[in-house]
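J.: pasting a predicted model and its sequence here:
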Amino acid sequence: MLKLNKDSVLGTFVIIISFCLVCSVLVSSAVVALNPFKEAAIANDRQVNILKVSGFEVKGSVAATFAQHIESHLIDVATGELADDKISDKSQIESYDFASLSKKPQFSTKIPKDQDKAGIRSFSNLMPIYFSKDDEGKVIRVILPFYGQALWSTVYGYVAIDPQDGNTVKGVTFYSHGETPGLGGEIENPRWQAQWVDKKLRNEAGEYKFQIVKNADHEGAGKDFDIDALSGATLTSRGVNDFTDYWMRTAYKPFLEKLSQGEIIK
């Protein structure tokens, strides 16, 4: 049997390769072992942010509060209809990965360039939505994910809509972005988010009017629709305004119309 000389060039390479293989196995094993913890952390973060606009405070654990008050569904964006039956594993509805699926042609729809105000190029054909229910089981808010390009990043958030009219904003939160702290990052500021509450998306004629704008009109015709742009963050404000416009005026329009007509929640 040939004895390996550890001090030779070949021996050195064998030792290095063996060491790398051992490290690779250890790293792979660690990734597999830690994956459930990573998934649990992602689920907790998602539930925390949905609950922020649900109208309910966390009591006890996040998971328990979420299970008590939140009901997850899928909608077909094109038709606005509930589409829970389009996936076989209903337990995957809450965590439906619309961001990744929006990049896969078989699961998404390309947005014409002249209509892509959100700057996202395509959207997932199915989107998760969430019903916030009180202790009697009445739906008090419908929570919709929305996202788009701002100044430096893609911003992700949730907006809560009044199910009675499908038109009144009841809350908003942004949970992922790379905007500048103290400027565009102020989209996380509760005081700015509070401006969204009770604003309308459309007027009585059905025209989309919601906007984030400098010198918002709080007394005249815009008082029901206008939100002040962030100070010193014009481009971030414009980005949030544009992707809100895309989702609420266009993408979710079929769903919001059905919601307002009582076709979603009986």
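T.: Here it is on my side, so go on.
J.: C-alpha only now, for contacts and for neighbours.
T.: Will do.
J.: what ranges of the stretch 101-250 of the chain fall below the confidence cut-off?
T.: Of all residues in the stretch 101-250 of the chain, none has pLDDT under 70.
J.: tell me the buried residues in stretch 97-104?
T.: The neighbour-count check on stretch 97-104 (16 or more other CA atoms under 10 Å) flags Phe98, Leu101, Ser102, Lys103 as buried.
J.: give me the element the nearest residue to Val142 once chain neighbours are set aside is part of.
T.: Leaving aside its chain neighbours, Val142 sits nearest to Phe131 (4.8 Å; criterion: CA to CA, 6 or more residues apart in numbering). Element membership for Phe131, per DSSP states H and E: strand 126-133.
J.: how about the CA coordinates for that strand, as PDB?
T.: Only the C-alpha atoms of strand 126-133 are listed here, as PDB (Å, rounded to 0.1, in the frame of the first residue of the first chain):
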ATOM      1  CA  LEU A 126     -51.800  34.700  -6.900                       C
ATOM      2  CA  MET A 127     -51.400  36.900  -3.900                       C
ATOM      3  CA  PRO A 128     -51.900  36.100  -0.200                       C
ATOM      4  CA  ILE A 129     -54.400  38.300   1.700                       C
ATOM      5  CA  TYR A 130     -55.500  38.200   5.300                       C
ATOM      6  CA  PHE A 131     -58.800  38.700   7.000                       C
ATOM      7  CA  SER A 132     -58.600  40.200  10.500                       C
ATOM      8  CA  LYS A 133     -61.400  38.900  12.600                       C
END
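J.: all the helices of the stretch 1-150 of the chain, in order from the start?
T.: 9-52, 62-69, 98-101 (DSSP state H, counting those that start in this stretch).
J.: lowest average pLDDT across those helices?
T.: Ranked by mean pLDDT, the helices of the stretch 1-150 of the chain end with helix 9-52 at the bottom, a mean of 70.
J.: just say helix, strand or coil for the spatially closest residue to Val53 that is not a sequence neighbour.
T.: In space, Val53 comes closest to Gly171 once its chain neighbours are excluded; the distance is 5.1 Å by CA to CA, 6+ apart. With DSSP: H, G, I helix; E, B strand; the rest coil as the basis, the three-state label of Gly171 is strand.
J.: just checking, Gly171 touches Asp162?
T.: No: the criterion here is CA atoms under 8 Å, and Gly171 misses it with Asp162 at 9.4 Å.
J.: so for those two, which residue has more residues nearby?
T.: Comparing Gly171 with Asp162 by other CA atoms under 10 Å, the one with more neighbours is Gly171, at 23 against 20.
J.: so what's that one up against?
T.: The neighbours of Gly171, taking CA atoms under 8 Å, 6 or more residues apart in numbering as the test, are Val53, Ser54, Val159, Ala160, Ile161, Gln193, Ala194, Trp196, Val197.
J.: would you list those residues in CSV and tack on neighbour count and secondary structure?
T.: Output for those, formatted as CSV (neighbours: other CA atoms under 10 Å; DSSP: H, G, I helix; E, B strand; the rest coil):
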residue, neighbour count, secondary structure
Val53, 21, coil
Ser54, 28, coil
Val159, 24, strand
Ala160, 30, strand
Ile161, 29, strand
Gln193, 16, helix
Ala194, 14, helix
Trp196, 24, coil
Val197, 17, coil
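J.: closest to Gly232 among those residues?
T.: Among those, Gln193 lies closest to Gly232 (CA to CA), at 16.5 Å.
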